[in-house]
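In: Model the structure of this input:
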Amino acid sequence: MATYSLDKVRNIGISAHIDSGKTTLSERILFYTGKIHAIHEVRGKDGVGAIMDSMDLEREKGITIQSAATFCEWKDININLIDTPGHVDFTVEVERSLRVLDGAVMVLCGVSGVQSQSITVDRQMKRYNVPRLAFINKLDRAGANPFRVIDAIREKLHLNAAPVQIPIGLEDLHKGVVDLVKMKAYFFDGENGETVRVEEIPAENKALADEKRAEMIEKLADVDDAIGEKFLMEEEISETELVAALRRQTIALKFVPVFMGSAFKNKGVQPLLDGVSAYLPAPTEVKNEALDQSNNEQKITIPSDTSAPLVALAFKLEDGRYGQLTYMRIYSGTVKKGDMIYNISAGDKKIKVPRIVRMHSSQMQDVEEAKAGDIVAFFGIECASGDTFTDGNVKYTMTSMFIPASVISLAVAPKDKSGQANFSKALNRFTKEDPTLRVWRDEESGETIMSGMGELHLEIYIERMKREYNCEVIAGKPQVAFRETISAATPFNYTHKKQSGGAGQFAKVVGVVEPITPLNLENPYEFVDEIVGGTIPREYIPSCDKGFQEQVKKGLLIGMPVVGCRFKLQDGQYHDVDSSDIAFRIAAMAAFRECYANAKPTILEPIMKLEVQAPEEFQGSVMGQVNQRRGVIQGSSTNMGYVTIEATVPLVEMFGYSTDLRSATQGKGEFSMEFAEYQPVPRNVQDEMVKKYQEKRAKENK
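Out: Coordinates of the predicted model:
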């Protein structure tokens with residue numbers, strides 16, 4: 001691997017709403033940086049497909065399913081690039097990529113602008129404090145309007161964004177861009193736009209360029225003191241000062257430079273690469289924090305220094321032909337092939353590094369060493385996603401990434417008994433690779449349940465089992481991940497007594513169970529020990545906690561997990577001989593069962609954020625369909641003959657929606673959906689669900 005200084009490295013991701021052109025943009029970046037020598041389209045007629053979509057399923061469906069990593073060089077800058085999926089079902093791929101990246105390019109469609117998944121991606125970037133550039137793509141399409149998109153970025157994403165370019169022509173007249181920093185026009189000649197021609201700004205674009213340059217300086221002056229001072233004094237601002245301020249405020253997350261072009265028509269990509277180099281941070285300019293396990297999890301800042309102790313984070317696992325491939329971000333230090341490293345997250349487990357590779361989508365290039373700032377992959381290292389590795393000199397762990405809750409489940413089983421081994425192998429591998437895919441066994445029915453982020457998510461894994469493991473799968477009807485909760489504080493007072501010759505069992509628990517408000521799914525259960533005076537000995541308190549935890553796994557309304565409960569243990573009794581761990585555990589379980597009915601239990605259902613786009617003439621029927629599915633319309637907007645309807649709707653009502661939408665809009669309607677929150681189901685629906693559950697239990701008990 002060539003040696004280069006850290007200030008010449010950029011670790012960036014490309015993220016956006018589905019169909020905004022991320023993979024097409026990645027393909028152009030690879031072409032212009034000389035990494036590939038021919039351009040292949042995502043849905044190309046040549047049957048090759050984009051380099052970054054290496055999976056057969058990705059090429060067939062024309063979507064990105066897994067994030068793909070690659071590296072390239074632009075002028076004197078080394079770029080590690082990750083292309084991420086746009087579909088909400090694969091949002092964990094974006095989540096884990098942004099966790100390890102220093103900067104990002106947020107791609108927006110020049111026609112549709114800020115869409116639902118753009119908002120999700122923006123939230124993820126903010127969660128990990130990732131500086132970003134915006135690239136307004138598809139300016140060659142009918143109805144493209146980049147300035148309307150910039151307004152939406154400011155209104156919907158609350159970002160201080162301003163154009164650093166304006167387009168020369170739009171739709172079929174889109175020829176190039178004007179750089180508002182250099183005040184030059186850029187045109188893209190040659191068969192694939194590889195020749196950049198720099199000229200003076202055309203006369204017809206001059207007035208708009210001056211206006212938008214003033215707007216950019218004004219927006220920058222709001223957040224940058226140096227520019228603000230010059231702006232107020234009405235002094236001339238030089239190109240060097242402007243570039244320095246843009247870089248400063250982009251890295252400080254106070255400004256978003258907006259670039260423009262059409263990746264498909266090969267326009268505007270090279271200036272975007274210049275922007276990545278000029279405005280996004282090098283690894284040394286990003287603050288990375290870890291927890292020091294040898295010092296009470298004290299927060300410490302890790303230096304991006306090749307001579308510092310090694311700290312690396314495993315952010316993605318992939319099972320390939322040669323065993324497990326572990327994607328690593330090296331934060332500090334250097335690691336060589338054959339080195340001994342320690343998995344701090346797995347109790348200082350010592351591992352030898354057998355092989356290090358740099359990834360170019362599914363292709364690999366062996367390297368001897370990896371240094372701070374690199375994104376590489378290790379072979380032959382057993383670990384989990386999110387584990388931290390060091391050279392043993394420090395005991396640091398990086399903070400983990402956010403994993404969203406699964407909202408939909410399927411009962412799955414291999415079609416033939418002979419496929420059982422492959423079925424288990426596939427599930428084992430997929431759950432290790434994807435933390436949002438959860439697999440568990442329903443003890444009552446004996447079925448294997450697979451839970452995920454949406455119908456497409458589970459569909460893709462079932463298809464992959466068939467292709468990669470030659471295992472046909474039978475899937476049951478999709479089940480929604482309902483939850484139960486309580487809505488009233490209720491006291492409990494339960495005595496557990498059992499005498500059967502010899503030592504018996506005795507335990508008494510007294511306290512109150514109350515709802516946690518607001519509901520937090522990341523912390524669905526709390527136990528508060530309020531025992532004073534030793535009415536329950538200290539050694540039995542954890543048993544009470546375990547008993548309550550055991551009982552909330554399955555509610556009494558429809559057998560779903562109970563969330564949002566706080567148990568306060570306030571009093572109790574014990575017996576010197578007959579009390580035991582098991583007695584207090586049973587008492588806690590029975591106490592909760594006994595008071596549950598009085599705690600006003602309710603069923604919660606996942607509510608999805610829905611965004612539908614369809615031609616205006618179908619607006620009435622689309623809204624009618626949403627209302628029929630217990631949806632609540634949040635708002636609608638029209639643009640170029642298309643209406644965008646935003647609504648919240650229960651997931652349980654959304655099965656088969658794509659077919660209904662297509663038939664109601666002559667195949668022209670599209671929708672995207674993502675999890676928003678849990679809400680109580682209407683009383684009549686709850687009564688119906690409870691009745692069905694009781695009938696099912698009665699049948700099973702016969």
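
In: use CA for all of it now, contacts and neighbours both
Out: Fine.

In: Just give me the neighbour total for the closest residue to Asp348 other than its chain neighbours.
Out: Sequence neighbours aside, Tyr342 is the residue nearest to Asp348 in space, at 5.2 Å (criterion: Cα to Cα, 6 or more residues apart in numbering). Each residue near Tyr342 was counted by other Cα atoms under 10 Å, and the total is 22.

In: Could you do the one 5 residues further on as well?
Out: Residues near Gly347, counting by other Cα under 10 Å, number 9.

In: Can you pull the phi/psi pair for it?
Out: Backbone geometry at Gly347, expressed as degrees, to the nearest 10, gives phi 70, psi 50.

In: ok, now which ones touch it?
Out: For Gly347, no contacting residues are found, by Cα atoms under 8 Å, 6 or more residues apart in numbering.

In: Quick check: which element contains the residue nearest to Asp348?
Out: strand 340-343 (DSSP states H and E).

In: Walk me through which strands that strand pairs with, and which way each runs.
Out: Taking DSSP bridges as the criterion, strand 340-343 forms sheet pairs with strand 349-352 (antiparallel), strand 388-390 (antiparallel).

In: Buried residues of that strand, list them for me.
Out: Residues of strand 340-343 classed as buried: Ile341, Tyr342, Asn343 (neighbour count, 16 or more other Cα atoms under 10 Å).

In: Can you pull out the residues in contact with that strand?
Out: Outside strand 340-343, the residues touching it (Cα under 8 Å, 6+ apart) are 348-353, 383, 387-392.

In: now with 6 Å?
Out: If you take Cα atoms under 6 Å, 6 or more residues apart in numbering as the criterion, strand 340-343 is touched by Asp348, Lys349, Lys350, Ile351, Lys352, Thr388, Phe389, Thr390, Asp391, Gly392.

In: which two in those are spaced the farthest apart?
Out: Maximum pairwise distance in the contacts of strand 340-343, criterion Cα to Cα, is 14.7 Å, between Lys352 and Thr388.

In: higher neighbour count, the two?
Out: Neighbour tally, Lys352 and Thr388, criterion other Cα under 10 Å: the higher count belongs to Thr388, 28 against 13.

In: State whether the more buried one and Tyr396 are indeed in contact, as I suppose.
Out: No. With contacts counted by Cα atoms under 6 Å, Thr388 stays clear of Tyr396, the gap being 7.4 Å.

In: From Glu522, how far off is Val223?
Out: To Glu522, Val223 is 35 Å away according to Cα to Cα, to the nearest Å.

In: do the same with Thr334
Out: 36 Å.

In: Need the pLDDT of Gln679.
Out: With respect to pLDDT, Gln679 scores 91.

In: do the same with the one 3 residues further on
Out: The score at Pro682 is 90. That number is its pLDDT.

In: what's the spacing between it and Ala647?
Out: Distance from Pro682 to Ala647, by Cα to Cα: 18 Å.

In: between these two, who's got more neighbours?
Out: Ala647 (20 against 13).

In: out of the strands paired with strand 340-343, deepest packed?
Out: Comparing the strands paired with strand 340-343 by mean neighbour count (mean count of other Cα atoms under 10 Å), strand 388-390 ranks first with a mean of 28.

In: Quick one: mean pLDDT over it.
Out: Throughout strand 388-390, pLDDT has a mean value of 88.

In: residues making contact with that strand?
Out: Leu310, Val311, Ala312, Leu313, Ile341, Tyr342, Asn343, Ile344, Ser345, Thr397.

In: so Arg653 makes contact with Arg629?
Out: Careful, residue 653 is Glu; it's not Arg. Yes. Glu653 lies in contact with Arg629 (Cα under 6 Å); the separation is 5.3 Å.

In: Now distance to Gln479 too, for the strands paired with strand 340-343, in a markdown table please.
Out: Formatted as a markdown table, those follow (distance: least, Cα to Cα, whole Å):
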| stretch | distance to Gln479 |
| --- | --- |
| strand 349-352 | 39 |
| strand 388-390 | 35 |
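
In: Select, out of these, the one closest to Thr517.
Out: Checked against Cα to Cα, the stretch from the strands paired with strand 340-343 lying closest is strand 388-390, at 34.1 Å.

In: need the helix or strand of the protein with the lowest average pLDDT.
Out: helix 56-61 (a mean of 59; mean pLDDT, DSSP states H and E).

In: Quick check: the nearest residue to Val223 once chain neighbours are set aside vs Lys126, distance?
Out: Nearest residue to Val223, sequence neighbours excluded (Cα to Cα, 6+ apart): Lys254, at 6.7 Å. From Lys254 over to Lys126 the distance is 11 Å, taken as Cα to Cα.

In: same thing with Ile18?
Out: With Cα to Cα as the criterion, Ile18 and Lys126 are 19 Å apart.

In: Looking at the two now, which is surrounded by more residues?
Out: Ile18 (21 against 14).

In: Which secondary structure state does the more buried one sit in?
Out: Following DSSP: H, G, I helix; E, B strand; the rest coil, Ile18 is assigned to coil.

In: Likewise for Glu594?
Out: Look at Glu594: counting by three-state DSSP, its state is helix.

In: do Leu253 as well
Out: Classification of Leu253 by three-state DSSP places it in coil.

In: Once you drop chain neighbours, what's closest to it?
Out: With sequence-adjacent residues excluded and distances taken as Cα to Cα, 6+ apart, Leu253 is closest to Pro131, at 5.4 Å.

In: So what's the residue count around the one you found?
Out: By the criterion of other Cα under 10 Å, Pro131 has 26 neighbours.

In: and the gap between it and Gly572?
Out: From Pro131 to Gly572 the distance is 55 Å (Cα to Cα).

In: Under the pLDDT cut-off, which ranges of the protein? List them.
Out: 1-4, 38-67, 86-89, 320-322, 361-362, 400, 443-445, 500-503, 702 (pLDDT under 70).

In: so where's the longest strand in it?
Out: Longest strand in the chain by number of residues (criterion: DSSP state E): strand 601-615.

In: Quickly run through the sheet partners of that strand, with directions.
Out: For strand 601-615, pairing defined by DSSP bridges yields strand 483-486 (antiparallel), strand 642-650 (antiparallel), strand 670-680 (antiparallel).

In: which outside residues touch it?
Out: With Cα under 6 Å, 6+ apart as the contact definition, strand 601-615 has outside contacts at 482-486, 641-651, 669-681.

In: And for stretch 78-97?
Out: 9-18, 64-65, 67-73, 453-454, 457.

In: Over to stretch 125-143?
Out: Contacts of stretch 125-143 (Cα under 6 Å, 6+ apart): 103-111, 170-172, 174, 250-251, 253, 256-262.

In: Check the separation of the first and last residues in it.
Out: For stretch 125-143, the end-to-end distance is 28 Å (Cα to Cα).

In: buried set for that stretch?
Out: 125, 128-141, 143.

In: Check the offset of it from the chain's centre.
Out: Chain-centre distance of stretch 125-143: 17 Å, with Cα atoms, centre = their mean, to the nearest Å.

In: I'd like the next helix or strand past the longest strand of the chain.
Out: Using DSSP H and E, the helix or strand that follows strand 601-615 towards the C-terminus is helix 619-628.
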